[in-house]
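> Fold the stuff below for me.
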Amino acid sequence: MIEHCWHHDHDILEIRPVADLRPAEFRALAAQVDPVICQHGYLQGLLIDARHYRGWQNFAALVSHCVFTRNQHRHLHRIAVLSDNTLLGFMPQLLNHFVSAEVRPFPGSEEASALEWLSHPG
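Modelled structure (predicted):
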């Protein structure tokens with residue numbers, strides 16, 4: 001399950017994966033995000049709150065996640081990842097090879113700092 005909310009008048013999308021991720025979750029999220037991108041042309045930032053991330057339900061969910069990222073990353077300026085997990089701390093370095101957005105990790109306790117960084121144009 002992916003919970004989401006908007007910050008700064010739909011400039012920043014916050015997503016919180018709270019259970020095993022399924023393919024339908026990414027289709028539902030895209031249905032929420034695509035109209036905003038069409039209206040504004042881009043998203044200033046994406047905040048991924050991965051503090052409670054448990055993983056994908058199966059390989060199809062992983063593929064859906066990759067498709068969602070491939071389709072949306074060109075419309076993002078910055079991505080912040082909140083996590084205290086050591087392995088997820090490497091996620092921004094990995095993402096930098098696949099997305100055009102600037103990606104930066106933040107410790108789980110620094111949500112306000114992450115939102116502040118996302119709100120400034122890169």
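
> how about the helices in this structure?
23-40, 59-72, 91-95, 111-119 (DSSP state H).

> Would you single out the least confident of those helices?
Note on these: lowest mean pLDDT is at helix 59-72, with a mean of 57.

> Okay, and the beta partners of residue 15?
residue 4, residue 48 (DSSP bridges).

> For residue 13, which non-adjacent residue is closest in space?
Nearest residue to residue 13 in three dimensions, chain neighbours excluded: residue 46, at 5.3 Å (Cβ to Cβ, 6 or more residues apart in numbering). Every residue, glycine included, has its C-beta placed from N, CA and C.

> my guess is the one you found meets residue 104, correct?
No: in this structure, residue 46 is not within contact of residue 104 by Cβ atoms under 8 Å, at 11.3 Å.

> Give me the common contacts of these two.
The overlap between the contact sets of residue 46 and residue 104 (Cβ atoms under 8 Å, 6 or more residues apart in numbering) consists of 78-80.

> Just the ones of those residues in strands?
Of the shared contacts of residue 46 and residue 104, the ones assigned to strands by DSSP state E are 78-80.

> So residue 19 versus residue 100, what's the distance?
29 Å (Cβ to Cβ, to the nearest Å).

> ditto for residue 44
The gap separating residue 44 from residue 100 is 14 Å, by Cβ to Cβ.

> And for residue 37?
Using Cβ to Cβ, one gets 14 Å for the distance from residue 37 to residue 100.
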